[in-house]
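Q: fold the following, please.
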Amino acid sequence: MAYQDVYAGWQSDPETFWMKAAQEIDWDQAPGRAYFDQGPAGEWFADARVNTCWNAVDRHVEAGRGDQLAIIHDSPITHSYRGLTYRELRDRVANLAGALRAKGISKGDRVIIYMPMIPEALEAMLACARLGAIHSVVFGGFAAHELAVRIDDAKPKAIIAASCGLEPGRVVHYKPLLDDAIDQAVHKPDFCVIFQREQEVAQLTPGRDVAWHSFQFGAKPADCVPVEGNHPAYILYTSGTTGQPKGVIRHTAGHLVALNWSMKNIYGIDAGDVFWAASDVGWVVGHSYICYGPLISGATTIVFEGKPVGTPDAGAFWRIIQNHRVKSFFTAPTAIRAVKREDPDGELIREYNLSSLQAVFLAGERADPDTIEWLETKLDLPVIDHWWQTETGWAIASNPFGIEPMPVKKGSPSVSMPGYDVQILDESGQQMPRGALGSIAIRLPLPPGTLPNLWNAEDRFRKSYLEKFPGYYETGDAGYIDDDGYLYIMARTDDVINVAGHRLSTGAMEEVLSSHPAVAECAVIGVADPLKGQMPLGFLCLKKGANVTEEQVVHDVVAQVRNKIGPVAAFKRACVVERLPKTRSGKILRATMVKIANGEQYKPPATIDDPEILNEIGDALKRLGYPVT
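A: Numbers count the residues shown, from 1 in each chain. Take a look at the predicted model:
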């Protein structure tokens, strides 16, 4: 079937569509129907009983594929590689689950996981799922205060952590951060399980901490515990504008059905294929497409402990793809821009045999057309931008590669996936004409696998997502839909700037800036202006070896914006910086940059990769005369 037929089939009968998709899952009690009009935004397969770990691990062993690799761990930082078969993974997870059960962990209990990119992180997630416990993974190395906030919100009975994480050239000491977080938190866990890495053996706290291996010694393996379809599989905290993180909930049954559907229909992955999402288990991509999605579909997933550049060079991605015969590769545009900056001619790409690779998928930050075109040219493969959020758990819009590869429109994540009725609304909630910029909203109900609520915060859920446009989920993004139904994500709603009454997309300006041959990466923000309300300001990172002066590049991009967008953009200022401030997941911190430029007080976000970069941005703005405090 063509994409249009699949999407029309969902539109005409969502119930039948999702019940058919549910047949791919092993149920302890099959759902009687798909959608239940209950809770603040509806629920899926609520009357079913099912276990996530069974569907991600045990059923593949039962199907005779126990000797297939389930997980490949590749760590250029430790110069190590190892694989786990589905049978080995089942036994390790059952044993860990049995040890947790013996210490009192049962269905509904919360367990925080604070670990680096090692297979044991996935084992911990799956062991919780096996028991029906609700895990909350916190990015390894997150600041103690932020971890403490999450401990107090989730109130975990246990915490599973590693002694340390590893970055190029340094060890990140997890255990002192964990100890500090527990000291700060009002809620105290009953016990902590510490996986001791050979790079650093942590000091255990007597009476509370137990080492990973001794904890499991003699444990009786645990069987899978069936849970209700609307039982929370996990809580994943995403940044909130109030400073209090929002605990996104994922219901078990809808999560299974949606991820299984997406692996085949979006990414073109079948059982036995190798899939790699170069992210971290602390982010939603790591939940959906490092741990659960590939394993539910019976694929092999890669756990990568490294960086796109520097471990050891900008060829790290291509080495992994060659060595492990990766079929589909998923990463962030910011990672590709880092590779492009270090290897602008793609010389390292040509050193590897990438014949196994069928497509590259990008998400996490808007993929500018220049980056997509560069990678397409170097790989001679489809490069597919797709758009989704922590809240949705899987793609809202994509090029449905597994159904039919559609024509790529650079700058667009293509078309809405089944389950998502995406609309462009004005401030009053009225639908806008094709091509007009507005707020992107999704008509309720959202599909399976998306958030049904926030953890212990239903009022906040309604206020954050449902109140502004009744009957819709507010995405917080701005964009438009063209005459062919392709969606364009132009900015966060907060990043649409108003210049003398004209609403302008920073994303459109960034698209122009990134097309300059010397520009590796860029960002545009709106700075307060007493005459025009806001004025755009560009930040440019140049490619290595660019044979052009900074002054010439700034002159060029100002002229380009005037030529391609028009004088209405009032784009007159840009500066060259060495790097842009980002979250650890690759999102550029535009809102923080705006505060710096406007001379406002700001607090570095907890998710920032390197706070020192903000000082560099401040220095650049001072040189331009902005009132930096």
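Q: give me the nearest residue to residue 138, chain neighbours excluded.
A: Distance criterion CB to CB, 6 or more residues apart in numbering; nearest residue to residue 138, sequence neighbours excluded, is residue 114 at 5.1 Å. Any C-beta I mention is one placed from the backbone N, CA and C, and that applies to glycine too.
Q: in the sheet, who's paired with that neighbour?
A: Bridge pairing for residue 114 (DSSP bridges) gives the partners residue 161.
Q: measure it to residue 219 for me?
A: The span separating residue 114 from residue 219 equals 21 Å under the rule CB to CB, to the nearest Å.
Q: compare those two (neighbour count), which wins?
A: Neighbour count, other CB atoms under 10 Å: between residue 114 and residue 219, residue 114 has more, with 29 against 17.
Q: nearest residue to residue 431 other than its sequence neighbours?
A: According to CB to CB, 6+ apart, the nearest residue to residue 431 is residue 423 (5.6 Å).
Q: wait, is the one you found part of a strand?
A: Yes - the assignment for residue 423 (DSSP: H, G, I helix; E, B strand; the rest coil) places it in a strand.
Q: tell me the contacts of it?
A: Under the criterion of CB atoms under 8 Å, 6 or more residues apart in numbering, the neighbours of residue 423 are 431, 440-443, 472.
Q: do residue 414 as well
A: 384-386, 397-400, 406, 408, 486-487.
Q: what separates it from residue 422, distance-wise?
A: Remark: distance between residue 414 and residue 422 (CB to CB) = 11 Å.
Q: tell me where the model's unsure across the stretch 101-250 of the chain.
A: 239-243 (pLDDT under 70).
Q: let's see that with 80 instead.
A: Per-residue confidence for the stretch 101-250 of the chain (pLDDT under 80) gives these ranges: 239-245.
Q: that one: strands as residue ranges?
A: In the stretch 101-250 of the chain, the strands defined using DSSP state E, counting those that start in this stretch lie at 110-114, 134-137, 158-162, 164-167, 170-173, 191-195, 209-211, 227-228, 232-238, 246-251.
Q: which elements pack onto the last one?
A: Using 3 or more CB pairs under 8 Å, 6 or more residues apart in numbering; DSSP states H and E as the contact criterion, the neighbours of strand 246-251 among helices and strands are strand 232-238.
Q: and if we set it to 10 Å?
A: Based on contacts counted as 3 or more CB pairs under 10 Å, 6 or more residues apart in numbering; DSSP states H and E, the elements that strand 246-251 packs against are strand 134-137, helix 144-154, strand 232-238, helix 458-461.
Q: same question, the first one
A: Packing partners of strand 110-114 (3+ CB pairs under 10 Å, 6+ apart): helix 119-131, strand 134-137, helix 144-154, strand 158-162, helix 174-184, strand 191-195, strand 232-238.
Q: would you turn these into CSV with distance to residue 508 and mean neighbour count?
A: Below are the helices and strands packed on strand 110-114 laid out as CSV (distance: least, CB to CB, whole Å; neighbours: other CB atoms under 10 Å):
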stretch, distance to residue 508, mean neighbour count
helix 119-131, 39, 27
strand 134-137, 35, 26
helix 144-154, 34, 20
strand 158-162, 43, 27
helix 174-184, 41, 19
strand 191-195, 46, 22
strand 232-238, 26, 24
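Q: please list only the buried members of the contacts of residue 423.
A: Using 16 or more other CB atoms under 10 Å as the burial test, those include 440-442, 472 as buried.
Q: now, those that are in strands?
A: The subset of the buried ones among the contacts of residue 423 located in strands under the criterion DSSP state E comprises 440-442, 472.
Q: for residue 91, which non-adjacent residue is closest in space?
A: For residue 91, the closest residue by CB to CB, 6+ apart turns out to be residue 221, at 7.1 Å.
Q: roughly how far apart are that neighbour and residue 95?
A: From residue 221 over to residue 95 the distance is 5 Å, taken as CB to CB.
Q: quick check: of the contacts of residue 414, which lies closest to residue 212?
A: residue 386 (36.1 Å; CB to CB).
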